[in-house]
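**Q** fold the following, please.
(3 chains)
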Amino acid sequence: MNDEIYRLEGVEYHYGKVPALKAIDLTVTKGECLSVLGTNGSGKSTLLKVLDGLYFPSAGRVSFCGEPLTEECASRSSFRARVGFIFEDPDVQLFSPTVHDEVAFGPLQLGLAAEEVLTRTGEVMDMFGLSHVSDRPPHTLSAGEKKKVAIASVLAVNPEILLLDEPTNGLDPRTQVWLIKLLEELKRLEKTFVIATHDLSLAEDVAERTVVLDESHRIVADGKSIEIMGNKELLLSANLIHEHAHRHGETVHSHSHGPFSVHDEHE
Amino acid sequence: MKIPAWFGAETTPPGPARGGGQTEGFVEKNLGAVTGFMKEVLESHEYSHRKGMLQAIEARARTGGIIILVVSAAFMEKILSLLVLALVAAAIMRLSQVDGPSLLKRVLPPALFTGILVIPAFFSFITPGSEIVGFTVAGYRIAMTVEGVEVGLRLLVRVSVMVSFVALLFLTTKEADLFRGLKGLSVPGFFITALFMTFRYILILLKTVEDSTLSRKSRTISRTALKGSQGWFAGRVAFLLQRSINISEEVTMAMASRGFKGKIKTLEEKNLSGRDYLWLGFTSFLFFIALGV
Amino acid sequence: MHIPDGYLGPRTCIALYAAMLPVWLVSSRRLDKALKIKRLPLIALAAAFTFVVMMFNIPIPGGSTGHMVGGAVVAIVVGPWAASVALSIALALQAMLFGDGGITALGANCFNMAFIMSFSGYLIYRLAASGEPTPKRRWAAMFLSGYVAVNIAALAAAVELGVQPALEQTLDGRPLYAPYPLAIAVPAMMVPHLLFLGPIEGLGTALIVSYVFRTNEELVVERGRLSTRPLWAALIIMIILTPLGLLAAGTPWGEWGVEEVKTLVGYVPEGMQRLAGAWKGVMPGYGMGGISNVLAYILSALLGSIAVVTVIYLLGRPWQRR
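**A** The predicted model follows:
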């Protein structure tokens, strides 16, 4: 298939002796928005790192656009330019002295010309409303602004495939809404997304397809997001919802924790 | 979930807090050090935005010039010449809109330390010479000497002048520019990047320290034994180290993910202007004068 | 132990900067090669760690407080080369941002705390914990490593300070920089380190490193398959470059005359003195007839500064292309 971006077959990953991923089979096709649901420690982040060529599986195969994703392949600029990874903790991603330098970092490493880097950086910062903090060191920003810088610095490279690790974590409702709007915009540009999250509403709102990782580090479900969200048993067994969360709801009432708080939908 | 019954009981009688007394001095001290550092960093951000002489000079030239001045002070011999250089420092301070107290706060601690340290050198048992005042105790002659006072004062003035220049540089320069300035002085990129990153992580780690110290402080009801506090300290530090290592792995991956391959590429620097050359000329002129005075 | 600006004479400062130069060069090369990108964030974090540890005050008996340096900790955990770079970076930041330790004395401070302390701490630990150590012996090795390393570093600082009165004098023989001779500087520095700061460093090293070992076995690098060659090389460099190595074989502390110290320590700076002389020879003005001496002196300084600006301007050209 031409549209296939990732194909994972029997992928395993261990940290020392501790397993993080077990028998993962997964394909990701072009233009798709996939969410990976799972609790803390289920292996979501590890999976994203495998997809970004940062970790290499202890067993099994990963191919990227039909080619095996080896260390050699992952270190190529072309791979890095095509795949962008937004880390959960923006603090680890922001290491440059100023916001401007941070956004310019990626394009510079990939060898773009200086003028091109400057225009891109300027435009991305305008788009994110970051121009007024251009000269500030990233660590002096608020959590929401940090996240914006982290995303801007990845988008400046203009990747086709975006890997997002818990993108809504630690964001206030307003920034969460902003983020979801941004994802919607980007989806229109035919980008491919893999979003690791335990935020059910995010998975339901932006992703058409969802895979669920449970605490045994295996994929226990792979299907349409709507169907998965309707499967209460499954979500309970993966510890993604808790009985008390749907005390007064007939269906899964996890919406009440999401950014939109759409109570009226159920009432 | 079963909540133990004693959770509901009142533990201390209501009214003003009492008992326990102060927390351990060292917790306070650590907290003071952390917040003090944060404050100092912020202070320099404020000054670096003022419109002054040093701020107008390009970061590389500013750093280079200040280092030349510091080195000049190291070479001078006469107290009088050092005092002239102190006037230069004072003039730069005024022209750069730096407030006296901010500078003094940085200069006083090393100056005081040096001041106490040199007192024995005033006396004949360290520096023999012509007496100013003296007395005899049990056959020993203890006297202050002209030479001794000169030796002590010279060190004191020299240290104060050198520290002043360094403080002026720090106060008027954002740390990002400061590190860029070093790059202009042909310090290898490896070290500059490491400096940047170190600075970043210091702030992250300090936040961790502050949080954990505060949480300990809030839980301190009575004074703990010395041994207990030391154990707590080691636990904190080990936790810091552990956290450092975890963050470092993530950072490596974040950098690799954005195409970093071991050599950091940066944007070009601006050219030096006439003003920068004038400043460098002025400082190196002082340096050559310093070689002989 | 941070030596501030103004305590060490220019020659000592230059000599110790020069001594650190190969260390920095070799270690950054090694790190570049060893694990490529993996190392940079680790170094930065080790540096941040030491910086923070040096801010942490620990209660010592008597109600006072002191702080650790952390050189031995970092050296045992990340290896001595990475540790010297990390400590150097921490010290540079302290000098620039905190005014803790001088800029001119940075070479000296790095030499004592980044180089000597890291390598001696590491070496002592490797020797004391060689073979298959019991947990108790390993703990003791860590303590010993911290205790001895901080004392060696303090001794180096004391010697640097103590030779100043002999090295740098006015024409009438008065000290220009730190005024106390070895006989005073060494005990003044060593007594608190041997009694209080050493035990703190030792205890801190043991507690922290054993915690790290316990929680993260595989983390401690180069375990088991350590090549001792770089260590020996470092030791040899240390002996050649430092007065310490020469002094260790010599007469007891404090008994030397000025001349002895001068011959021992003076031979590196001597070349520099000649260089300075050469400079004076090139410049006009010193002893130029006709004009008054003062005027000639100022004129030559002016010429010198013009030369500096010209050189910077010319060097600035390639900057712009970079």
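**Q** point me to the residue of chain A nearest chain B.
**A** Nearest residue of chain A to chain B (Cβ to the nearest Cβ) works out as residue A:97 at 3.3 Å. No exception for glycine: its C-beta is placed from N, CA and C like everyone else's.
**Q** now the nearest residue to that residue once chain neighbours are set aside: which helix or strand?
**A** In this structure, residue A:97 finds its nearest non-sequential neighbour in residue B:176, 3.3 Å apart by Cβ to Cβ, 6 or more residues apart in numbering or on different chains. Applying DSSP states H and E as the criterion places residue B:176 in helix B:175-184.
**Q** mind listing what's buried in that helix?
**A** Within helix B:175-184, the residues that count as buried by 16 or more other Cβ atoms under 10 Å in any protein chain shown are B:175-184.
**Q** on that earlier part again, the residue of chain A closest to chain B reaches residue B:198, doesn't it?
**A** No: counting by Cβ atoms under 8 Å, residue A:97 does not reach residue B:198; the two are 11.8 Å apart.
**Q** just checking, what packs against the helix holding residue B:176?
**A** helix B:25-48, helix B:59-75, helix B:189-219 (3 or more Cβ pairs under 8 Å, 6 or more residues apart in numbering or on different chains; DSSP states H and E).
**Q** between those, which gets the lowest average pLDDT?
**A** Note on the helices and strands packed on helix B:175-184: helix B:25-48 shows the lowest mean pLDDT, a mean of 66.
**Q** need the residues that contact the helix or strand just after that one.
**A** Heading C-terminal from helix B:25-48, the first helix or strand you meet, by DSSP H and E, is helix B:53-56. Contacts of helix B:53-56 with the rest of the structure, by Cβ atoms under 8 Å, 6 or more residues apart in numbering or on different chains, involve B:47-49, B:62, B:92, B:95-96, B:168-169, B:172-173, B:275.
**Q** give the buried subset of those residues as a PyMOL selection command.
**A** Buried residues among these (16+ other Cβ under 10 Å), as a PyMOL selection:
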select buried, chain B and resi 47+48+62+92+96+168+169+172+173
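**Q** now the contacts of helix B:53-56 in TSV, with distance to chain A?
**A** Below are these laid out as TSV (distance: Cβ to the nearest Cβ, whole Å):
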residue	distance to chain A
B:47	15
B:48	10
B:49	10
B:62	16
B:92	24
B:95	23
B:96	19
B:168	21
B:169	17
B:172	15
B:173	12
B:275	21
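**Q** ok, the contacts of helix B:53-56 vs chain C, which is closest?
**A** Nearest to chain C out of those is residue B:169 (Cβ to the nearest Cβ; 7.7 Å).
**Q** and the closest one, how far is that from residue A:185?
**A** For residue B:169, the distance to residue A:185 (Cβ to Cβ, to the nearest Å) stands at 45 Å.
**Q** so residue A:157 sits against residue A:84, correct?
**A** Yes: contact criterion Cβ under 8 Å: residue A:157 and residue A:84 qualify, at 5.9 Å.
**Q** whichever residue of the stretch 1-150 of chain C sits closest to chain A: what's it in contact with?
**A** Closest contact between the stretch 1-150 of chain C and chain A, by Cβ to the nearest Cβ, is at residue C:41 (7.8 Å). Residues counted as contacts of residue C:41 (Cβ under 8 Å, 6+ apart) are A:95, B:197, B:247-249, B:251-252, B:255.
**Q** measure it to residue A:155 for me?
**A** Remark: distance between residue C:41 and residue A:155 (Cβ to Cβ) = 23 Å.
**Q** pull the number of nearby residues for residue 151.
**A** By default, I'm working from chain A. Using other Cβ atoms under 10 Å in any protein chain shown, the number of residues around residue A:151 comes to 23.
**Q** let me rephrase: I mean chain C.
**A** Residues within reach of residue C:151, counting by other Cβ under 10 Å, total 20.
**Q** which strands and helices sit next to the helix or strand containing it?
**A** According to DSSP H and E, residue C:151 maps onto helix C:135-162. If you count contacts as 3+ Cβ pairs under 8 Å, 6+ apart, helix C:135-162 packs onto helix C:71-78, helix C:106-109, helix C:117-128, helix C:182-192, helix C:198-215, helix C:243-248.
**Q** let's see that with 7 Å instead.
**A** Using 3 or more Cβ pairs under 7 Å, 6 or more residues apart in numbering or on different chains; DSSP states H and E, the elements in contact with helix C:135-162 are helix C:71-78, helix C:117-128, helix C:182-192, helix C:198-215, helix C:243-248.
**Q** how about TSV for those helices, with mean neighbour count and mean pLDDT added?
**A** Converted to TSV, the helices and strands packed on helix C:135-162 look like this (neighbours: other Cβ atoms under 10 Å in any protein chain shown; pLDDT from 0 to 100):
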stretch	mean neighbour count	mean pLDDT
helix C:71-78	31	88
helix C:117-128	24	91
helix C:182-192	17	84
helix C:198-215	22	81
helix C:243-248	15	36
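**Q** where does the residue lying closest to residue A:77 once chain neighbours are set aside fall, phi/psi-wise?
**A** Once flanking residues are discounted, residue A:77 sits nearest to residue A:110: 5.2 Å by Cβ to Cβ, 6+ apart. When quoted as degrees, to the nearest 10, the phi and psi of residue A:110 stand at phi -90, psi 0.
**Q** so how many other residues sit close to residue A:110?
**A** Neighbourhood size, residue A:110 [other Cβ under 10 Å]: 20.
**Q** that one against residue A:159, yeah?
**A** No: taking contacts as Cβ atoms under 7 Å, residue A:110 lies outside contact range of residue A:159: 10.3 Å.
**Q** which neighbours do these two share?
**A** By Cβ atoms under 7 Å, 6 or more residues apart in numbering or on different chains, residue A:110 and residue A:159 have these common neighbours: residue A:81.
**Q** avg pLDDT for the helix holding residue C:151?
**A** For helix C:135-162, the per-residue pLDDT averages 91.
**Q** what do you get for stretch A:114-128?
**A** So the average pLDDT for stretch A:114-128 ends up being 88.
**Q** now do the buried residues in that stretch.
**A** Within stretch A:114-128, the residues that count as buried by 16+ other Cβ under 10 Å are A:117, A:120-121, A:124-125, A:128.
**Q** ok, residues contacting it?
**A** Stretch A:114-128 is contacted from outside by A:100, A:103-104, A:107-108, A:131, A:134, A:148, A:152, A:155-156, B:267-268, using Cβ under 7 Å, 6+ apart.
**Q** kindly report the same for stretch C:3-18.
**A** B:70, B:74-75, B:110, B:155, B:158-159, B:162-163, B:166, C:101-105, C:107-109, C:111, C:157, C:160-161, C:164, C:167-168, C:176-178, C:268-269, C:272.
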